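S.K.: My questions concern the predicted model and sequence given below.
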Amino acid sequence: MTRRERREMTRAALLEAAERLWAEHGVHGASLDDVASAAGLTKGAVYSNFAGKTDLLLALLEYCTRERIGTRTCAELHDTSRPPAERFERAGLAYRRRLEGGRARLTALLLAEFWLFGMRDYAAGWRIADWYAECRDDLARDLPDSGGVSPHDRATLAVALDAGLSLQHLLDPDRVPAELYGTAMRLILGDD
């Protein structure tokens, strides 16, 4: 195994340990020593891969969101080869599938922890806000003006809906069905 491969494995082990511990105990409830220990590594391994807790947190945010949060749902919304009604219905189904497993609960806990950390740590907060801005910009890029509401404002509402609906659904799936996502996105994003 090359040095680069070992470093990538170490980094992945630290990210997985941080993900698990921070979802269970919160960012402030698990130290870098705890993360290193859970990964079977030393604290030195943490600092050879990350500048500190904030850097590890932001790397985990990037990893989690890139790998799991919203990619399938967003793809359904952007699939202009389908009629709008079908796109929104498929987006609602993809959203429901995304929220079905235990992974969704873990992701929701982590997003809440990221938000809380960002609210308490000014520098981290700006970097997390930048991540949200990228999400909004990505969605707004393909939206036309509609009803006097700019594409950026509609994308902001869509991202807020995505987060808020998932939090409500995970606590109360019977009264907050995940399929509402497709209906709500149709109302926010319009039928083209």
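M.R.: Received it, and whenever you're ready, just let me know what you need.

S.K.: how's the chain carved up into domains?
M.R.: 1-51, 68-189 (automatic domain parsing).

S.K.: between those domains, which one is nearest to Ala59?
M.R.: Closest approach to Ala59 among the domains of the chain is made by domain 1-51 (6.3 Å; CB to CB). Using the backbone N, CA and C atoms, a C-beta is placed for each residue, glycine as well.

S.K.: Just the endpoints, please. Distance across that closest one?
M.R.: End-to-end span of domain 1-51 (CA to CA, to the nearest Å): 25 Å.

S.K.: avg pLDDT for that domain?
M.R.: Mean per-residue pLDDT for domain 1-51: 94.

S.K.: What of stretch 183-192?
M.R.: Averaged across stretch 183-192, pLDDT comes to 77.

S.K.: Mind listing residues that contact that stretch?
M.R.: Stretch 183-192 is contacted by residues 77, 80, 84-85, 88, 91-92, 143-144, 146-147, 154, 157-158, 161, 165 when judged by CB atoms under 8 Å, 6 or more residues apart in numbering.

S.K.: Pick the one among those closest to Glu100.
M.R.: Glu100 lies nearest to Gly92 out of the contacts of stretch 183-192, by CB to CB, at 13.0 Å.

S.K.: Compute the number of surrounding residues for that closest one.
M.R.: By the measure other CB atoms under 10 Å, the count of residues near Gly92 is 22.

S.K.: just Ala124 next, same as before
M.R.: Neighbour tally, Ala124, other CB under 10 Å: 20.

S.K.: Okay, and it sits in which element?
M.R.: Taking DSSP states H and E as the criterion, Ala124 maps to helix 122-140.

S.K.: Next SSE downstream of that helix?
M.R.: helix 151-171.

S.K.: list the contacts for Ala163?
M.R.: Applying CB under 8 Å, 6+ apart to Ala163 gives the contacts Leu111.

S.K.: cool, Phe117 as well?
M.R.: So Phe117 contacts Val27, His28, Thr54, Leu57, Ala124, Gly125, Ile128 (CB under 8 Å, 6+ apart).

S.K.: just curious, which of those is nearest to Leu170?
M.R.: Nearest to Leu170 among those, counting by CB to CB, is Val27 at 19.3 Å.

S.K.: For the closest one, which three-state class applies?
M.R.: Val27 falls in the coil class when you classify it by DSSP: H, G, I helix; E, B strand; the rest coil.
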